[in-house]
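Engineer: sequence and predicted structure, then a few things I'm wondering about:
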Amino acid sequence: MPRYAMIIDAKKCVGCYACQVACQMQNELGPENAYIRFEDRETGKYPNPKYVMVPLQCQHCQDAPCVPVCPTTASHKDKNGLTMVDKDKCMGCRRCVPACPYNARTYLKDEGIVQACNMCLSLVKQGEEPACVSTCLTKARYFGDLDNPKGEFAKQLAKAKQLRPDFGTKPTLLYII
Amino acid sequence: MWANKFPRRTFLKATAATAAAVGAGDVFSLGEWMKQASAAPVTKIPSLCETCSAACGMWVHVKNGRIWKVTGQKDHGQSKGKLCARGHAGIAQAYHKDRITHPMKRVGENDFVPITWEQAYSEIAAKLKKVLQEHGPDKVFFSHNPRPTNAFYWPRLMAAVGSSTIQSHHSMCSTGRDVAYKWTTGGMATADLGNTKYIVFLGRNYVEGLSPSSAAGMEAAYAKGTNIIVVDPRHSNACLFATEWVPIRPGTDLALLLAVANVLIAENLYDKEFVDEWCVGFDEFKKGMKDYTPEWASSVTDIPAATIYAIARGLGKNRPASCIEQGYKAPNGCNYANGTQMFRMVACVNALLGNYGKAGGMKFGNPPKLGSLDAKKHPAPPKPKAKRCDGVGIKGEFPLCQPNQGIVHMMPQRALEGKAKAGFLYRINVARNAPQPELLTKGYKALDLFVVCDIKWSESAMCAHYVLPECSAAEREDLPTVVGAAVTMRTAAIDVVHSETKPLPEIVTELAGHMGLGKYFNFTREDVAAAMVKPLGVTLEDLRTKGTVKVKAPAAKPLGFNTKSKKIEMYCQAFADHGYKPVPEWEPPYAKADKNSFVLIHGKQGFLSHTTSISDPYLLAVAKRGDLERLWINADRAKKMGIRDGDLVEVSSPQATRKVRVKVTERVHPEAAYLPAGYGRFAPFLKTGVGYGINPNDFTPCRAEAISGHAMMMEVTVTIRKVGE
Ligand code: SF4
Ligand code: SF4
Ligand code: SF4
């Protein structure tokens, strides 16, 4: 069973928001719900500032704190190592939202359920890349299988690190910052 | 700085990512999430994005007759398989709440009634005939953003009417650049970014004023170690791919270029052979550059002299694989009073580098040629002889401005002066996107006849006597166009959403019929399209299935310059003849900051195309999530003024006072305040984005630069003070 993961090279992210909107369209979300959000950081002094934009989304943690808090088992780990929310089981109690230290979950008001990045599993099953990966203008995103890394994904894997490993949730999303 | 927004959620400021192995961990398998929510079949139809001028090739994925999403066409040179945020969001314009759904007639201030097409055509035709009878075709103008279909249809109708005043949006965009290159190199060459070793970007921002391919090109060039110098008062996101950010005092790029030329000549770093063979007026040029030392330029530009020497030497030593990138609106296509001469200097510095036609230098495009209708069967109207009402081509006014561009933003002023009487505006929003909106709206309303054809309501449409609704990109097929060595065409992905909207060819043809000019439109759009692609061996069916079809690239042309002398005119005789400086000299911009004021600069953000995007619900949400409408102020100056990040301030110029929140940052020159340009919509009929953010045009007077007539959109200083909530 493949273990799907993504590597995000934040040094290449230009903050164009293409991934965020592509994801909303792929997942048929309204404007106010996004699976991808951003934090930016500015360091240094004029005229030598440094700037980084970090795209954030569900980190598909191996020790996902959003799973045990779910009273209905809607929030679960699937066989590909992904953290998923079963739409039919989710009752919209939103306990998982604050449990996520990455603030990656969003409440879909109209449907009364919580969702987050699902790694575009429906596309992946058809042999395609997730929407945010295929549209990223600067190729800052790499999708692959941790158990069978190939191509660019394999090359970047050596450099990639977990974001805030101190949270202790063991993300499978990895970053180059 | 986001502390109040994400109280316990902000973690980037804390420890950065540290190395941690990805352990095997437990893999749960609690069942399948994916139930294939909707099993409805999806069809993919080729289209072209319509949210910016790149017009990326896209596939529209349609489910149950409705647009689901879009993906980029791989063979299209602008998209190369990708789309930006505007593209992903913009296709849903078809369903937008702010669409114009019927032909509308203005019956009072902000008061319109729907009318039939028949009534719209007959009333417009009658009123236009009246203007023609009373004033002749000299006082009729047409303004648009030329895209394949409208670039064919509207000018043909205007020619039939007898009007010569056909204008594009460029006087609010790149006219300074285009006029300069026309008279210096005979047209625009573009930087060969993929092969250059040393490139200087002056303000131009490939990752925020972007197409997917421009952003990708910059990333790739940086990754392979190209020297990329970004000169900009603002540390834009393009600086992520720059070897160096060189902050510059706003409006002084001309001084930097003069000094670069000075060093290239003084240190003998220029290409003497190229200059001898391809340039005229080098002696006068050399004499002109003599005093513009880096030490002089340093005091003007606020760039250290050593940096200016380093740039000149970097360019000189890497020539011919080095260049000054050609620019666009930035830094000076329409921004400062010294704009045209500044771009003449870009062309001249590139000439000193001998980089024209060379790998890594400046290259002229050589697109495949499309065909046209058989003129015998479909006679075109004669070329109109009317005098233009925007002063273009007229001695003493704007004799050297591009006739195909014109001076669009001055038409309301011309209307108030009685020099223009009837105007047609096709899908550009001058009233919001040019300086001094009060004057613009007043001027448009002063016309005897003002017709706006658009998809959504706009500030300009609110001024019109008649508003004609076009159907959106997803609903129509258009005329083909070339992109690189390929042909591409927008095809209709869905049925028309609002039954009373029409594609442009129908609108123009029917209006021409009512004007008694139907004989110039005895064909269908498909006839035109087929004639266009025929010489390239492509059929409309090919385009309808593949979207973009590669064709044979024309054979390479030998180097040549399409100027009067057939050479690069470092000394420009035409400029001398009309009383402009034939060799560029230093001219200061009008706007200069003092210790109480800032030059108000603006620029694009990658997810917005001017103000049209902010009325898209998805893009508005992007802006709101990130507070992206804020005014940037340099941290040191903000501190002295007692302004903190997120504070509300009042921004004032003699023309306007507005309130906006501040982003305090180290990423902007102390004398510049940067306001992103995509906000501040005020058309009362818009339901989305109105009143969010403020717009630089509110502060800037409506004027025309002396040579090319552009709008000088950054020639304004403002004062800023903190105010209470
Ligand atoms: S990032 Fe948040 S939602 Fe995703 S697995 Fe980790 S804790 Fe759960
Ligand atoms: S993988 Fe798919 S669902 Fe997840 S963030 Fe990317 S586009 Fe959205
Ligand atoms: S598409 Fe790529 S570059 Fe653009 S915001 Fe997303 S990660 Fe960053």
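Structural biologist: Nice, thanks for sending it over. Ligands and ions are numbered 1, 2, ... in the order given.
Engineer: C-alpha only now, for contacts and for neighbours.
Structural biologist: OK.
Engineer: secondary structure element holding B:Lys564?
Structural biologist: Counting by DSSP states H and E, no helix or strand carries B:Lys564.
Engineer: for it, what are its contacts?
Structural biologist: Residues counted as contacts of B:Lys564 (Cα atoms under 8 Å, 6 or more residues apart in numbering or on different chains): none.
Engineer: next one, pLDDT for it please.
Structural biologist: pLDDT, B:Lys564: 97.
Engineer: quick check, central residue of chain B?
Structural biologist: B:Cys173 (5.2 Å; Cα atoms, centre = their mean).
Engineer: how close does the closest residue to it other than its chain neighbours get to B:Gly339?
Structural biologist: Distance criterion Cα to Cα, 6 or more residues apart in numbering or on different chains; nearest residue to B:Cys173, sequence neighbours excluded, is B:Lys329 at 4.8 Å. Using Cα to Cα, to the nearest Å, one gets 10 Å for the distance from B:Lys329 to B:Gly339.
Engineer: who has more neighbours out of the two?
Structural biologist: For B:Lys329 versus B:Gly339, neighbours defined as other Cα atoms under 10 Å in any protein chain shown are more numerous around B:Gly339 (35 against 22).
Engineer: from what I can see the more buried one touches B:Asp178, true?
Structural biologist: No - counting by Cα atoms under 8 Å, B:Gly339 stays clear of B:Asp178, with 10.6 Å between them.
Engineer: check which helix or strand covers B:Lys287.
Structural biologist: Per DSSP H and E: helix B:282-289 holds B:Lys287.
Engineer: by contact count, what packs against that helix?
Structural biologist: helix B:253-266 (3 or more Cα pairs under 8 Å, 6 or more residues apart in numbering or on different chains; DSSP states H and E).
Engineer: thinking again about what came up before, pull up the overlap in contacts between B:Gly339 and B:Asp178.
Structural biologist: Taking Cα under 8 Å, 6+ apart as the contact rule, the neighbours common to B:Gly339 and B:Asp178 are B:Gly333.
Engineer: got the residue ranges for the helices in chain A?
Structural biologist: Secondary structure of chain A (DSSP state H): helices at A:18-26, A:96-99, A:121-125, A:131-135, A:151-157.
Engineer: wait, which of these is closest to B:Leu504?
Structural biologist: Closest of the helices of chain A to B:Leu504 is helix A:18-26, at 28.3 Å (criterion: Cα to Cα).
Engineer: near ligand 3, anything from the closest one?
Structural biologist: Yes - Helix A:18-26 comes into contact with ligand 3 (Cα under 6 Å from any ligand atom), by way of A:Ala18, A:Cys19.
Engineer: find the closest residue to ligand 3 in chain B.
Structural biologist: For chain B and ligand 3, the shortest gap (Cα to the nearest ligand atom) falls at B:Cys84, measuring 7.3 Å.
Engineer: still on that earlier bit, identify the contacts common to B:Lys329 and B:Gly339.
Structural biologist: Going by Cα under 8 Å, 6+ apart, residues that sit against B:Lys329 and also against B:Gly339 are B:Arg177.
Engineer: pLDDT score assigned to the residue in the stretch 551-700 of chain B that ligand 1 sits nearest to?
Structural biologist: Relative to ligand 1, the nearest point of the stretch 551-700 of chain B is B:Arg625 (19.1 Å; Cα to the nearest ligand atom). Per-residue confidence (pLDDT) for B:Arg625: 97.
Engineer: wait, is it part of a strand?
Structural biologist: No - counting by DSSP: H, G, I helix; E, B strand; the rest coil, B:Arg625 falls outside a strand, being helix.
Engineer: sorry, back to before: tell me the pLDDT at the nearest residue to the residue of chain B closest to ligand 3 once chain neighbours are set aside?
Structural biologist: Excluding the flanking residues, the one nearest B:Cys84 by Cα to Cα, 6+ apart is A:Ala18, at 4.5 Å. If you check A:Ala18, the pLDDT there is 98.
Engineer: contact partners for A:Ala18?
Structural biologist: Counting by Cα under 8 Å, 6+ apart, A:Ala18 has contacts A:Cys132, A:Thr135, A:Cys136, A:Leu137, B:Leu83, B:Cys84, B:Ala85, B:Arg86, B:His88, B:Phe607.
Engineer: residue most distant from the centroid, chain A?
Structural biologist: In chain A, the residue that sits farthest from the middle, by Cα atoms, centre = their mean, is A:Pro47; the gap is 33.6 Å.
Engineer: how close does that residue get to B:Ile248?
Structural biologist: In terms of Cα to Cα, A:Pro47 sits 10 Å off from B:Ile248.
Engineer: which residues do the two both contact?
Structural biologist: B:His669.
Engineer: how about the residues of chain A by ligand 1?
Structural biologist: Residues of chain A lying near ligand 1 (Cα under 6 Å from any ligand atom): A:58-61, A:64-66, A:83, A:100-102, A:104-105.
Engineer: repeat that for the stretch 551-700 of chain B.
Structural biologist: Counting by Cα under 6 Å from any ligand atom, no residue of the stretch 551-700 of chain B is near ligand 1.
Engineer: how about the strands of the stretch 551-700 of chain B, start to end?
Structural biologist: B:568-569, B:597-603, B:631-634, B:648-652, B:657-665, B:672-676 (DSSP state E, counting those that start in this stretch).
Engineer: direction included, what does the second one pair against?
Structural biologist: Going back to what we said before, that points to strand B:597-603. Partners of strand B:597-603 in the sheet, by DSSP bridges, are strand B:672-676 (parallel), strand B:717-722 (antiparallel).
Engineer: the last one vs strand B:657-665, what angle?
Structural biologist: Per axes from the mean of the first three to the mean of the last three Cα atoms, to 10 degrees, the angle that strand B:717-722 makes with strand B:657-665 is 80 degrees.
Engineer: and strand B:717-722, how far from the chain's centre?
Structural biologist: Averaging C-alpha positions (Cα atoms, centre = their mean, to the nearest Å) puts strand B:717-722 28 Å from its chain's average.
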